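1. What shape does this take:
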Amino acid sequence: MRAAVLHEIGQDKLEVFEDVEATGFGPGKVRIRVRATGLCHSDLSAMSGVLPQP
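-> Residues are numbered from 1 along each chain as shown. Predicted coordinates for the structure are as follows:
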């Protein structure tokens, strides 16, 4: 599966389309196809460490 991955807070950019292992498939689970997604400014602020993490 491909993913946009943030390895640590404060990182200035994401590694996009990195191959990651898909886990958790099986009975009672669903798999969806995502055709598009996006980030808002608060996502970018959290990624850079400006917003506190829960």
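2. Give the helix, strand or coil label for residue 46.
-> Taken by DSSP: H, G, I helix; E, B strand; the rest coil, the conformation at residue 46 corresponds to helix.
3. thinking it is in contact with residue 53, fair?
-> Yes. Shown here, residue 46 and residue 53 form a contact pair, counting by C-beta atoms under 8 Å, at 6.9 Å. Placement of C-beta: from N, CA and C, glycine included.
4. okay, the two: which has more neighbours?
-> Comparing residue 46 with residue 53 by other C-beta atoms under 10 Å, the one with more neighbours is residue 46, at 17 against 6.
5. helices and strands of this protein: which one has the lowest mean pLDDT?
-> Across the helices and strands of the chain, mean pLDDT, DSSP states H and E gives its lowest value to strand 15-19, namely a mean of 69.
6. Could you check the pLDDT of residue 11?
-> Turning to residue 11, the model gives it a pLDDT of 69.
7. My error: substitute residue 50 in the last question.
-> 82.
8. where do the helices sit along the chain?
-> 41-48 (DSSP state H).
9. Let me know the distance separating residue 1 from residue 19.
-> The gap separating residue 1 from residue 19 is 7 Å, by C-beta to C-beta, to the nearest Å.
10. anything in contact with each of residue 46 and residue 53?
-> residue 9 (C-beta atoms under 8 Å, 6 or more residues apart in numbering).
11. Let me know the distance separating the residue of the chain most remote from its centre from residue 21.
-> For the chain, the largest distance from the centre (C-alpha atoms, centre = their mean) belongs to residue 27, which lies 24.3 Å off. Distance, residue 27 to residue 21, by C-beta to C-beta: 19 Å.
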